[in-house]
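1. build me a model from this:
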Amino acid sequence: MFLNWLAKRLAAYLTKQVAQQSVRTSTWEALERSVRPGDVLLVEGDTRISVAIKYLTQSTWSHSTLYLGPDAGLGTSDAGEPHTLVEADLEVGIRSLPLSFYRNSHTRICRPVGLDDENIRELTEYALSRLGNQYDLKNVFDLARYLIQTPPVPARHRHKLLSFGSGDPTRAICSTFIAEGFQRLRYPILPTIDSIPSDDPNCRHCIREHFRIRQTSLFTPRDFDASPYFRIIKPTLEEKFDFRAINWADL
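-> Numbering: from 1, shown residues only. As a prediction, this is how the structure comes out:
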């Protein structure tokens, strides 16, 4: 009982806004028209835990959500707006919400290539099966531990801190939930690639590559941005951008 109370207090502390919200880089209308089912929407957060994640991962992105579209059966908001996103929230666990929740946020669309209707259905069923799941209490405490005192660690080693400790803190990070969904489809994010001899008797120096799935708890939001298997979609450019049409103030 006490641990549950303490975890809730910690979660409330970690999710408190501490920074000014970043300027969005596209209009709401362009974002709404550009996003498609299966896309991963990255968000630059402005809470205490967002600051910690951005520091440890050396990235702009502190949060990731999975867009499944208005026909995914995720329910509706009180205003009747369809829920189209599924995310792992530190306070309430895995939940669905409308795209407009991030209407004024700095976001980035990362799009997997080649998914068909069956793949989207599998992703949707996976997300629906996880709705309501909560974080492990130990992970909440680990996230707080990294934030209470920012460790003076060189930039090249900060990402490794996310895999330290008996309770892996990345299990409480949104990207773990999404990575598991894609790896169920055998869709690569940042796989481990082994080079082995090709066994070709006519080419002794030839090699072949084997892909191995990484542990999902090691993924962070920036990995979808860095992945060579996700296309970066910029809504402003999808709108037939013409720099000549910009209304510059000094002109």
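
2. averaging pLDDT per element, find the lowest-scoring helix or strand in this structure.
-> helix 155-158 (a mean of 54; mean pLDDT, DSSP states H and E).

3. following element in sequence after that helix, please.
-> The first helix or strand that comes after helix 155-158 along the chain, using DSSP states H and E, is helix 174-184.

4. helices or strands up against that following helix?
-> Packed against helix 174-184 by the contact rule (3 or more C-beta pairs under 8 Å, 6 or more residues apart in numbering; DSSP states H and E) you find strand 63-67, strand 85-89, helix 117-130, helix 222-226. In this view, the C-beta of every residue, glycine as well, is placed from N, C-alpha and C.

5. report the buried residues of the third one.
-> Under the neighbour-count criterion of 16 or more other C-beta atoms under 10 Å, helix 117-130 has 119-120, 123-124, 126-127, 130 buried.

6. can you check stretch 102-112 too?
-> 102, 105-112.

7. just stretch 59-67 next, same as before
-> Neighbour counts using 16+ other C-beta under 10 Å place 59, 61-67 of stretch 59-67 among the buried residues.

8. and for that stretch, what's in contact with it?
-> By C-beta atoms under 8 Å, 6 or more residues apart in numbering, the surrounding residues in contact with stretch 59-67 are 35-45, 49-51, 53-54, 84-87, 99, 102, 106, 108, 123, 127, 174-175, 177-178, 181, 220-222, 224-225.

9. one step back: may I ask which two of the buried residues of helix 117-130 are separated the most?
-> Spatially, the most separated pair among the buried residues of helix 117-130 is Asn119 and Arg130, at 17.0 Å (C-beta to C-beta).

10. picking that back up, reformat the buried residues of stretch 102-112 as JSON lines; add pLDDT.
-> Formatted as JSON lines, those follow (pLDDT from 0 to 100):
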{"residue": "Tyr102", "pLDDT": "94"}
{"residue": "Ser105", "pLDDT": "92"}
{"residue": "His106", "pLDDT": "93"}
{"residue": "Thr107", "pLDDT": "95"}
{"residue": "Arg108", "pLDDT": "96"}
{"residue": "Ile109", "pLDDT": "98"}
{"residue": "Cys110", "pLDDT": "98"}
{"residue": "Arg111", "pLDDT": "98"}
{"residue": "Pro112", "pLDDT": "98"}
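
11. make TSV from these and add secondary structure to it.
-> Listed next are those as TSV, based on DSSP: H, G, I helix; E, B strand; the rest coil:
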residue	secondary structure
Tyr102	helix
Ser105	coil
His106	coil
Thr107	strand
Arg108	strand
Ile109	strand
Cys110	strand
Arg111	strand
Pro112	strand
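
12. ok, these vs Val23, which is closest?
-> The closest of those, once distances to Val23 are taken by C-beta to C-beta, is His106, at 6.5 Å.

13. shaky segments in the protein?
-> Residues of the chain meeting the criterion pLDDT under 70: 1-8, 10-11, 19, 21, 135-173, 193-196, 198, 200, 204-205, 207-218.

14. for the residue nearest in space to the middle of it, give its distance to Leu85.
-> Closest to where the C-alpha atoms of the chain average out (C-alpha atoms, centre = their mean) is Ser64, at 2.4 Å. Distance, Ser64 to Leu85, by C-beta to C-beta, to the nearest Å: 10 Å.
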